[in-house]
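Engineer: what shape does this take:
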Amino acid sequence: MENFDKLLGYYSTSAETTYYYAKILLENGDLDQGLRFLEEAKEDLENKYAIYHDYVEMPYQIYLSDLEALKSEIMR
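Structural biologist: Below you'll find the predicted structure:
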């Protein structure tokens, strides 16, 4: 968690950073914070603050479907 806190300091508007942080929070049982960061990840992705290249898929690249799948898994 400490490393993600540092990472958020450097990349506070990165969809990947906020998505994986949300995932860790949710796995640790912090539902409120996890959902908050999941929503931030969605906003960042919609605003194009994400890893994206036209011709190749980047490591750790996320898609809107990843966010929706995680949220629907939580809400079950």
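
Engineer: can you give the contact residues for the longest helix along the chain?
Structural biologist: Criterion DSSP state H: the longest helix present in the chain is helix 31-46. When contacts are defined by Cβ atoms under 8 Å, 6 or more residues apart in numbering, helix 31-46 is touched by residues 13-16, 18-19, 21-23, 25-26, 50, 62-64, 67, 70-71, 74. Bear in mind the C-beta positions are built from the backbone N, C-alpha and C, glycine included.

Engineer: could you list which of those residues belong to helices?
Structural biologist: Using DSSP H, the members of the contacts of helix 31-46 that fall in helices are 15-16, 18-19, 21-23, 25-26, 64, 67, 70-71, 74.

Engineer: of those residues - the most surrounded one?
Structural biologist: Taking other Cβ atoms under 10 Å as the neighbour criterion, Thr18 ranks highest of the ones in helices among the contacts of helix 31-46 with 29 neighbours.

Engineer: that residue and Glu39, how far apart?
Structural biologist: Applying Cβ to Cβ, to the nearest Å, the value for Thr18 to Glu39 is 9 Å.

Engineer: what residue lies at the spatial centre of the chain?
Structural biologist: With distances taken as Cα atoms, centre = their mean, Tyr19 lies nearest the centre of the chain, 0.9 Å away.

Engineer: what part of this structure, helix or strand, is modelled with the least confidence?
Structural biologist: helix 2-10 (a mean of 61; mean pLDDT, DSSP states H and E).

Engineer: quick one: contacts for the residue of the chain most remote from its centre?
Structural biologist: In terms of distance from the mean C-alpha position of the chain, Tyr55 ranks first, at 22.2 Å (Cα atoms, centre = their mean). With contacts defined as Cβ under 8 Å, 6+ apart, Tyr55 has no neighbours.
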